[in-house]
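In: My questions concern the predicted model and sequence given below.
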Amino acid sequence: DVKVTQSSRYLVKRTGEKVFLECVQDMDHENMFWYRQDPGLGLRLIYFSYDVKMKEKGDIPEGYSVSREKKERFSLILESASTNQTSMYLCASSLSGHAPRDTEAFFGQGTRLTVV
Amino acid sequence: LAKTTQPISMDSYEGQEVNITCSHNNIATNDYITWYQQFPSQGPRFIIQGYKTKVTNEVASLFIPADRKSSTLSLPRVSLSDTAVYYCLVASSGNTPLVFGKGTRLSVIA
């Protein structure tokens, strides 16, 4: 089974801190994604990466950056955490082939981040 | 990127069939339609995917009309454990982002 692991389930940080959220997948997937989920807003894409050192902005990249130095690891960075970044963060991965099921995304359990 | 529109919420009694419709008017030729299910405090998980006509698996059926501008997820005889948020997604394979919408919150009532 594909496993996507996020480093923390719960995290509490102070305003202004630099925050790192880590995600690791074990199935050699090319694509990796970071989403945030807030009540009533669904899943919103922050960034995605389709290869090592490659990144593309999603719908809400402001206040975030990402790093992908190795294929299996995709990090989300909050440069200076703010209270409006309190949210559930979900990481996902998928293949980038052209078979239909290659669009299937596998998600981690999520990190609930609280910024105080 | 094709955007999708779904009802915000639906209620159903146990044992009923539930149909959730998703509109995707700008779907591209290479796009597949995929549905995900998300339980509280978990990440979404894949339940079914299709390109056209009808697809059925052990969990659900997916109906897609010829113009592919909409799709309907059908859950037969729902139970309380089917209470979840259901997301419709259209995407082509390759290096494309997977953009989810707000989903449909299904509440199954005893």
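Out: Alright, I've got the coordinates. Residues are numbered from 1 along each chain as shown, chains lettered A, B, ... in the order given.

In: can you pull the contacts of whichever residue of chain B sits closest to chain A?
Out: Nearest to chain A in chain B, going by Cβ to the nearest Cβ, is residue B:43, at a distance of 2.7 Å. Every C-beta, even on glycine, is put in place using the N, C-alpha and C of the backbone. Residue B:43 makes contacts with A:4, A:90, A:92, A:107-110, as judged by Cβ atoms under 8 Å, 6 or more residues apart in numbering or on different chains.

In: Would you mind trimming those to those in range of chain B?
Out: A:4, A:90, A:92, A:107-110 (Cβ under 8 Å from any Cβ of the partner chain).

In: just to revisit the earlier point, which members of the contacts of residue B:43 are classed as buried?
Out: A:4, A:90, A:92, A:107-108, A:110 (16 or more other Cβ atoms under 10 Å in any protein chain shown).

In: Look at the residue of chain A found nearest chain B and report its pLDDT.
Out: Distances between chain A and chain B by Cβ to the nearest Cβ are smallest at residue A:107, namely 2.7 Å. Residue A:107 is assigned a predicted lDDT (pLDDT) of 95.

In: nearest spatial neighbour of it, skipping sequence neighbours?
Out: Nearest residue to residue A:107, sequence neighbours excluded (Cβ to Cβ, 6 or more residues apart in numbering or on different chains): residue B:43, at 2.7 Å.

In: measure the one you found to residue B:53 for me?
Out: Distance, residue B:43 to residue B:53, using Cβ to Cβ, to the nearest Å: 29 Å.

In: Pick out whichever of the buried ones among the contacts of residue B:43 sits closest to residue A:10.
Out: residue A:110 (9.7 Å; Cβ to Cβ).
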